[in-house]
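**Student:** sequence? don't have it. structure:
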């Protein structure tokens, strides 16, 4: 395995190598990497901007997240934030801080993951900053998207009676993480053991290589459905419900039997002695979309295979209820991921 | 001195505290902090985007850079990149990674510096991400600016014969850093010694609290002068000249006696046994603007008190000459700051 040291290339050499072969997918990208700033033509649309900072040892663990996956996921996390405004992502800029522990080849892997995500989502990498770091890897991504003014959906804006809709399934990314953590522990105890990851490929992929729901944004537009409020599920369903509640001044009622879970996620949760419902409510990192629609939009969406109708908004801002499968009301608790708390 | 731990507030509590009291200066800022993304109305203009990642121990040393100054400077560095496109900055988003070594009060100081810069430059802080970090402080800022399509100036675009113009004076920030480094060494050897910073206030301010040249962008617009190429001086004059050369495929001739230096910077360089010209060429962090103009724009600018005409572009891309005060031709070397090299 070849290893080129970063200092052999220097800052500009490294940037040249990493940004080599970048293609342009968006007509709005007028000027990309290589100047003091990127230039974007918004074509009369509104500009949506979101930023995320990913820190080694906090957001990712390179002992089980390959660099290419990390690059891919870092981009997806940001694209998901743009989707959460009912907009489509068009550009990203990337800040990279690395210690000399990383070879040039390792950073190329990281960039290959970012480039792959950009290619698949037709997003352009138009700028960045690459710098050294005393220890570890830090990745900062700012995503930019465009949307017509009338289509932008914020966290606020729901009315009492609006239906709560979530895309895909929940809890899988969290269970993927549990499997990875377990195998890491096994590996530490017996380094020659092969990891037992085989039958968990779906949940591992959900953890290591999530997707942003640009498909849903396009389909909602095609169906002429405008959500009344929207957020992406990064911290867990319960936490995201609280954000929608707070922003619209409403309460929420969820129905446990409506929450979407993949059978493999369910089985793995059981295997780990975890409550599958709790994994859905508090797991996080699913990057699905949670949104509300007016009841009269229900007809258009009711047979959509990617959507689950999981509850509705109520006019009591103090109401945060999940109706269990047995019919009991339990209070929702936001146990969303918080990097500053001990877990 | 009060000390509140970050974990006592949690992520959302911290964000609420830090973003408290943010004001809106720009009509283009439609939606700011508190949703999945910010929303900007570009009013038919082009959108300019630039990002920077600042890492403790690489870009700043908290033993002599107070957090408020750091916050201020981090914003300025990014605004300067927007100015370098002949655009005016309008928004920033901030990614902050901090270890629990920092108190909430310390982070408020950091934010106070960022807010002050935003206020003075009428820029809105519209979004961000706040997260924990295993060690140290990482600050990622993405700045956004707007400009009419016809006014955007890139690094390329100069013609042979165009005049090279630089704003303000050069080398001061670098000499400020030398003074700070010296006092830090003295302080380490004798911790009770008072730092001897008194007579170096100008160069210290240039290092700790630089400014972005939005004034020049406005004045060029008022005078109806459109530079043919432009860059900001972050790595040192020589390095920036090379960037302009490479982007336009031209050579450059500088005149040593035209390079602007403040008398205090000159004297301090001598005191440190450093060549004042080398400080101007390779010092960096001045955040002045370096640009080229067509010779027929000279009349409009020639008596401008903030501008120095330091040379011109030539048609030989291999020519990178500084004519010394004694009339000799010496080759320019880009010894710009490179975080990946050992210095």
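**Tutor:** Received, thanks. Note that this is a predicted model, so its numbers are computed, not measured.
**Student:** from here on, contacts and neighbour counts on C-alpha atoms
**Tutor:** OK.
**Student:** Distance check, residue A:243 against residue B:65.
**Tutor:** Using C-alpha to C-alpha, to the nearest Å, residue A:243 is found at 37 Å from residue B:65.
**Student:** The closest residue to chain B within the stretch 151-300 of chain A: what's it in contact with?
**Tutor:** Using C-alpha to the nearest C-alpha, residue A:155 is the residue of the stretch 151-300 of chain A that sits closest to chain B, at 6.2 Å. Shown in contact with residue A:155 (C-alpha atoms under 8 Å, 6 or more residues apart in numbering or on different chains): A:229, A:230, A:231, A:243, A:244, A:247, A:248, B:35, B:36.
**Student:** Just to be sure, which of the residues you listed are found in helices?
**Tutor:** With DSSP state H as the criterion, helices contain A:243, A:244, A:247, A:248 from among the contacts of residue A:155.
**Student:** how far away is the residue of the stretch 151-300 of chain A closest to chain B from residue A:289?
**Tutor:** Residue A:155 is 12 Å from residue A:289, by C-alpha to C-alpha.
**Student:** who touches both of those two?
**Tutor:** Listed contacts common to residue A:155 and residue A:289 are A:230, A:231; contacts here mean C-alpha under 8 Å, 6+ apart.
**Student:** And what about the closest residue to residue A:229 other than its chain neighbours, helix, strand or coil?
**Tutor:** Spatial nearest neighbour of residue A:229, excluding adjacent residues (C-alpha to C-alpha, 6 or more residues apart in numbering or on different chains): residue A:155 at 4.9 Å. Using DSSP: H, G, I helix; E, B strand; the rest coil, the three-state assignment for residue A:155 comes out as coil.
**Student:** How confident is the prediction for residue A:155, by pLDDT?
**Tutor:** You'll see residue A:155 listed with a pLDDT of 96.
**Student:** so where's the stretch 1-150 of chain A uncertain?
**Tutor:** Within the stretch 1-150 of chain A, the ranges that satisfy pLDDT under 70 run A:1.
**Student:** can you pull out the helices in it?
**Tutor:** Per DSSP state H, counting those that start in this stretch, the stretch 1-150 of chain A carries helices over the ranges A:6-18, A:67-83, A:104-120.
**Student:** Redo those as CSV? Include distance to chain B.
**Tutor:** Listed next are these as CSV, based on distance: least, C-alpha to the nearest C-alpha, whole Å:
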stretch, distance to chain B
helix A:6-18, 5
helix A:67-83, 5
helix A:104-120, 12
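**Student:** Could you look over those helices and pick the most buried one?
**Tutor:** Of all the helices of the stretch 1-150 of chain A, helix A:67-83 has the most neighbours on average by mean count of other C-alpha atoms under 10 Å in any protein chain shown, namely a mean of 27.
**Student:** Checking stretch A:282-294 against chain B, do any of its residues make contact.
**Tutor:** No - Stretch A:282-294 does not reach chain B (C-alpha under 8 Å from any C-alpha of the partner chain); its nearest approach is 11.4 Å.
**Student:** sorry, back to before: so which of the helices of the stretch 1-150 of chain A gets nearest residue B:219?
**Tutor:** Proximity to residue B:219 (C-alpha to C-alpha) singles out helix A:6-18 among those, at 32.3 Å.
**Student:** Show me how far the closest one is from its chain's centre.
**Tutor:** 30 Å (C-alpha atoms, centre = their mean, to the nearest Å).
**Student:** Packing partners of it?
**Tutor:** Under the contact definition 3 or more C-alpha pairs under 8 Å, 6 or more residues apart in numbering or on different chains; DSSP states H and E, helix A:6-18 sits against helix A:104-120, strand A:124-132.
**Student:** out of the ones you listed, nearest to residue A:162?
**Tutor:** Residue A:162 sits nearest to helix A:104-120 of all the helices and strands packed on helix A:6-18, at 33.2 Å, using C-alpha to C-alpha.
**Student:** re earlier: for my notes, please list the ones in helices among the contacts of residue A:155 in TSV and give distance to residue A:18 and neighbour count for each entry.
**Tutor:** Formatted as TSV, these follow (distance: C-alpha to C-alpha, whole Å; neighbours: other C-alpha atoms under 10 Å in any protein chain shown):
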residue	distance to residue A:18	neighbour count
A:243	38	19
A:244	39	26
A:247	40	17
A:248	43	21
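**Student:** ok, which pair from the residues you listed is furthest apart?
**Tutor:** It's A:243 and A:248 that sit farthest apart of the ones in helices among the contacts of residue A:155, by C-alpha to C-alpha, at 8.6 Å.
**Student:** Show me the strands in the stretch 101-250 of chain A, by range?
**Tutor:** Using DSSP state E, counting those that start in this stretch, the strands found in the stretch 101-250 of chain A span residues A:124-132, A:137-147, A:163-167, A:229-232.
**Student:** Pick the most deeply packed of the ones you listed.
**Tutor:** Of all these, strand A:229-232 carries the top mean neighbour count, a mean of 30, counting by mean count of other C-alpha under 10 Å.
**Student:** one step back: okay if I get the strands of the stretch 101-250 of chain A as TSV plus distance to residue A:4?
**Tutor:** Shown next, in TSV, are these (distance: least, C-alpha to C-alpha, whole Å):
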stretch	distance to residue A:4
strand A:124-132	15
strand A:137-147	17
strand A:163-167	43
strand A:229-232	39
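**Student:** Relative to residue B:79, which of those is closest?
**Tutor:** Among these, strand A:124-132 comes nearest to residue B:79, with 14.5 Å by C-alpha to C-alpha.
**Student:** who does the closest one touch, helix- and strand-wise?
**Tutor:** Under the contact criterion of 3+ C-alpha pairs under 8 Å, 6+ apart, strand A:124-132 touches helix A:6-18, strand A:29-31, strand A:88-98, helix A:104-120, strand B:46-55.
**Student:** Note down every partner strand of that strand and its orientation.
**Tutor:** For strand A:124-132, sheet partners with direction are given as strand A:88-98 (parallel), following DSSP bridges.
**Student:** between the helices and strands packed on helix A:6-18, which one is nearest to residue A:175?
**Tutor:** Comparing the helices and strands packed on helix A:6-18 by their distance to residue A:175 (C-alpha to C-alpha), the top pick is helix A:104-120, with 22.6 Å.
**Student:** what does that closest one contact?
**Tutor:** A:2-6, A:14, A:17-19, A:22, A:25, A:67-76, A:123-125.
**Student:** same thing but 7 Å
**Tutor:** With C-alpha atoms under 7 Å, 6 or more residues apart in numbering or on different chains as the test, helix A:104-120 has contacts from A:3-6, A:18, A:67-72, A:75, A:124.
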